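K.L.:
need coordinates for the below:
(one chain, ligands or ions: 1)
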Amino acid sequence: MVVAMDLNASPLPEDEEDNFENHVEQYIAPDERIESGAELARREREERIKRRKTDRGDDVHSYASRQLGDNQIYQSKPQKAYDKSKLPPGWVECTPSGQDICGMVPSKVPLGEMYYEHIPAGKRYSFKQVIHQQRVSGRKLGLVIDLTNTTRYYSTNELKKDGIKHIKIQCRGRDAVPENVAVNQFVYEVMQFLSQQKLSKKYILVHCTHGHNRTGYMIVHFLMRTQSMSVTQAIMSFAKARPPGIYKPEYIDALYAFYHEKRPDDMFCPPIPEWKRSSEFDLNGEAVPDDDDDDNSVAPLHSNQEIEAKLTNDDVLGDDIPFDQLNALRHTCYQMLKMTMPGRGPPQFPGSHPVSLNRENLQLLRQRYYYATWKADGTRYMMLITMDGCYLVDRSFNFRRVQMRFPCKGGSDVLYDKTHHFTLLDGEMVIDTLPDTQKQERRYLIYDLMAINHVSVVERPFSERWKMIEKEVLGPRNAERHNAYHSREFSYRYELEPFRVRRKDFWLLSTVTKLLRDFIPKLSHEADGLIFQGWDDPYVPKTHNGLLKWKYPEMNSVDFLFEVNADGRQSLCLFERGKKKPMDGQRVEFKDDADPSSYSGKIIECSWDKHKEVWDCMRVRTDKNAPNEINTYRKVMRSITDNITEAVLLGEINEIIRLPMYADRINNDSKAAARRR
Ligand SMILES: Nc1nc2c(ncn2[C@@H]2O[C@H](COP(=O)(O)OP(=O)(O)OP(=O)(O)O)[C@@H](O)[C@H]2O)c(=O)[nH]1
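P.N.:
So this is what the prediction gives:
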């Protein structure tokens, strides 16, 4: 039943539970009445479009109006005088909610009962109405995600009564798109909630102030991370569910920039909705702009903007993720590496770690078959690729999300539908300085693969894992890139990613001299020695006594915790089974004139000056939060005292490669490599 209502009549007691049904009818009524005056509505609409065109110079046949039709634009009607200054501008006229999109219902902010006196009867939209309306549409709410920047709009008590969870992700609306961290939290919360909806399907109400820009921005991010969609498709899906969709051009640009996609030339931003425009005039200058308002000002965006700054290894890459997600991902990593999570304390970084070469373990090179590679000196990260994001895993076992694309092998020939999901890699992030232009490029050098699409491969020999990096991870990416170059439909732009990706090369031991004398000096990034990698070895998490590192003698280093106590006494500390251990009698010198106390509490990387018998501070380790364990220190000291110089090393290797085991395999491997070329 639809009841026409008189908007000038005094408001009904909407707080009475019994009358609720009636109020919903009243809510429906104005729209019905507008439909009956179709002629008038059409004329008004035409005039409005004309006005808008002159005011903004917008193309009225923008994608939104083409897709949705102008009848979606809300009609404003003469209203009884009420205090609009207390309400978010345009709130009354803005359509309450949109259609369900992947289990989420976009909505304007419900205003609690304390706002009733300022809202004309029939336009009230508190959680009572929200819950009821959704129920009438066959939807039961289980979660509300509130993106407003204030708590003044409603009390969450009403939701608690109905067992509806409320999550607040505070986002400013006026001057910027929501922070990337807030986006990560939003996507995680929605994914968690939806994954728990096995038996009874409950819905999520997502709201900001008007349910268009911040809400749309978040929902589009969710679609991009969970569905195989382009940015244009995701923006259109949202616009269809909540006409006219996102109407801030900066938000639309930010989405294309975030996902490294080219914005199609015919992709226009919808004009500012009428209710939003008229609200500016209605205010008569009385309302104080709300910090939370989705206002229309064009302000600088803080994210995804390219800033030409010098790249350093200490730069923090990517965005923080929610703590619960961090725990879940840490757990998954341990599972992939076939490790058990520690019973007590936080889990440690599980990446494989080489030991320093000394005269004793040098003999391993005679017993097992090894390959060599340069020891790239950048920042160590494992990389976890999932469908919803790619995560850099640092030495503190923290995860940060970066926007990268890793298609799987075997998709269609232009755009691969599937991307990697739970593939775990190990590598070093370096900064290459191009010799001609001095331009810097960040590059992730992958040297190992531990899991591929949820399947652990840690037990397979290194040679196989290394080949899989190319075949499964980089090959499809390069092929897609190549195909995309010839395709107009493909809008992803690999060149906009935060770093490039390459597989690290490994060399036969017979070529180590060349590696040291020719290759390393020509590298466009830092290298501080060599890594000797057992060609048949499994991936061994944490310290791997068979994985050997040789550093240029002057680069052998120890990471100490430096402290200056209250009486000015300096101490260098290490860890012994996770507990601080001061190293009595050890001294450090700093190169600069800085006050040593400015280094207090920091992890400093030091090399040994054998003439002065003191440690030289080389740099502060911002990527580490703990010093070396005393065992590592002993190994480094052994390496220093053993003093395996370049000449000693090359002499040894020359003997080793003449051993029958090496001679035969080197011969076979060289032939195989020549066949591949
Ligand atoms: N396994 C392996 N590690 C490499 C390779 N290239 C560079 N590395 C880096 O070498 C590091 C181990 O060398 P260390 O000198 O012990 O590491 P570091 O970070 O310089 O110093 P510490 O933190 O004191 O151990 C690894 O963590 C990687 O970051 C490579 O090809 N294989």
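
K.L.:
residue numbers of this protein in contact with the ligand?
P.N.:
Proximity of the chain to the ligand is confined to 352-354, 373, 375-376, 380, 428, 447, 504, 531, 547, 549, 559, 628 under the rule C-beta under 6 Å from any ligand atom. Backbone N, C-alpha and C define where each C-beta goes, glycine included.

K.L.:
the same query, at a cut-off of 8 Å, please.
P.N.:
351-354, 356, 373-380, 395, 426-428, 445, 447-448, 504, 506, 528-529, 531, 533, 547, 549, 551, 557-559, 605, 621, 623-624, 628, 632, 636 (C-beta under 8 Å from any ligand atom).

K.L.:
list the ones among those that fall in helices.
P.N.:
Thr632, Val636 (DSSP state H).

K.L.:
looking at the stretch 201-350 of the chain, which residue is nearest the ligand?
P.N.:
In the stretch 201-350 of the chain, the residue found nearest to the ligand is Phe349; the distance is 9.4 Å by C-beta to the nearest ligand atom.

K.L.:
who's in contact with that residue?
P.N.:
Phe349 makes contacts with Val393, Asp394, Arg395, Ser396, Phe397, as judged by C-beta atoms under 8 Å, 6 or more residues apart in numbering.

K.L.:
and the fourth one, how far from the ligand?
P.N.:
As for Ser396, its distance to the ligand is 11 Å (criterion: C-beta to the nearest ligand atom, to the nearest Å).

K.L.:
pretty sure that residue contacts Lys624?
P.N.:
Yes - with contact defined as C-beta atoms under 8 Å, Ser396 reaches Lys624; the gap is 7.0 Å.

K.L.:
so for the two, which sits in the more crowded spot?
P.N.:
More neighbours surround Lys624 than the other of Ser396 and Lys624, with 18 against 12 (other C-beta atoms under 10 Å).

K.L.:
can you check what pLDDT the model gives that one?
P.N.:
With respect to pLDDT, Lys624 scores 86.

K.L.:
swap in Met404?
P.N.:
Note on Met404: pLDDT of 97.

K.L.:
number of nearby residues for the closest residue to it other than its chain neighbours?
P.N.:
Once flanking residues are discounted, Met404 sits nearest to Cys390: 4.2 Å by C-beta to C-beta, 6 or more residues apart in numbering. Look at Cys390: counted by other C-beta under 10 Å, it has 23 neighbours.

K.L.:
just the pLDDT for Cys390.
P.N.:
Value listed for Cys390 in the pLDDT field: 97.

K.L.:
quick check: end-to-end length of stretch 205-224?
P.N.:
19 Å (C-alpha to C-alpha, to the nearest Å).

K.L.:
number the residues from 24 up from this point.
P.N.:
New numbering, starting at 24: the last item is stretch 228-247.

K.L.:
partner residues bridging the residue of the chain found nearest the ligand?
P.N.:
Closest approach between the chain and the ligand, counting by C-beta to the nearest ligand atom: Arg403, at 3.1 Å. Counting by DSSP bridges, Arg403 is bridged to Glu451.

K.L.:
quick check: it touching Val416?
P.N.:
No - with contact defined as C-beta under 8 Å, Arg403 does not count as touching Val416 (9.3 Å).

K.L.:
give the residues shared as contacts by the two.
P.N.:
With C-beta under 8 Å, 6+ apart, Arg403 and Val416 have common neighbours Gly374.

K.L.:
between those two, which one's more packed in?
P.N.:
Neighbours were counted for Arg403 and for Val416 using other C-beta under 10 Å; Val416 has more, 23 against 17.

K.L.:
isn't that one right next to Val425, touching?
P.N.:
No - between Val416 and Val425 there is no contact under C-beta under 8 Å: 11.1 Å.

K.L.:
checking the residue of the stretch 224-373 of the chain closest to the ligand next. Helix, strand or coil?
P.N.:
Secondary structure, DSSP: H, G, I helix; E, B strand; the rest coil: Phe372 is coil.

K.L.:
next one: Thr174
P.N.:
Assignment for Thr174 (three-state DSSP): coil.

K.L.:
report the contact partners of it.
P.N.:
Counting by C-beta under 8 Å, 6+ apart, Thr174 makes contact with Lys191.

K.L.:
what are the phi and psi values at it?
P.N.:
phi -110, psi 10 (degrees, to the nearest 10).

K.L.:
and if you look at Val210?
P.N.:
Taking degrees, to the nearest 10 as the convention, Val210 sits at phi -60, psi -40.

K.L.:
that one and Val243 touch, don't they?
P.N.:
No - the pair Val210 / Val243 is not scored as a contact, 10.7 Å apart, by C-beta under 8 Å.

K.L.:
those two: which is more packed in?
P.N.:
Counted by other C-beta under 10 Å, Val210 and Val243 do not tie: Val243 has more neighbours, with 28 against 24.

K.L.:
tell me the buried residues in stretch 486-501?
P.N.:
Ser486, Arg488, Trp489, Met491, Ile492, Glu495, Val496, Leu497, Pro499, Arg500 (16 or more other C-beta atoms under 10 Å).

K.L.:
mind putting those residues into a markdown table with secondary structure, distance to Ile192 and pLDDT?
P.N.:
As requested, the buried residues of stretch 486-501 are exported to a markdown table (DSSP: H, G, I helix; E, B strand; the rest coil; distance: C-beta to C-beta, whole Å; pLDDT from 0 to 100):
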| residue | secondary structure | distance to Ile192 | pLDDT |
| --- | --- | --- | --- |
| Ser486 | helix | 46 | 97 |
| Arg488 | helix | 39 | 98 |
| Trp489 | helix | 42 | 98 |
| Met491 | helix | 38 | 97 |
| Ile492 | helix | 37 | 98 |
| Glu495 | helix | 36 | 95 |
| Val496 | helix | 33 | 96 |
| Leu497 | helix | 36 | 97 |
| Pro499 | helix | 34 | 93 |
| Arg500 | helix | 32 | 93 |
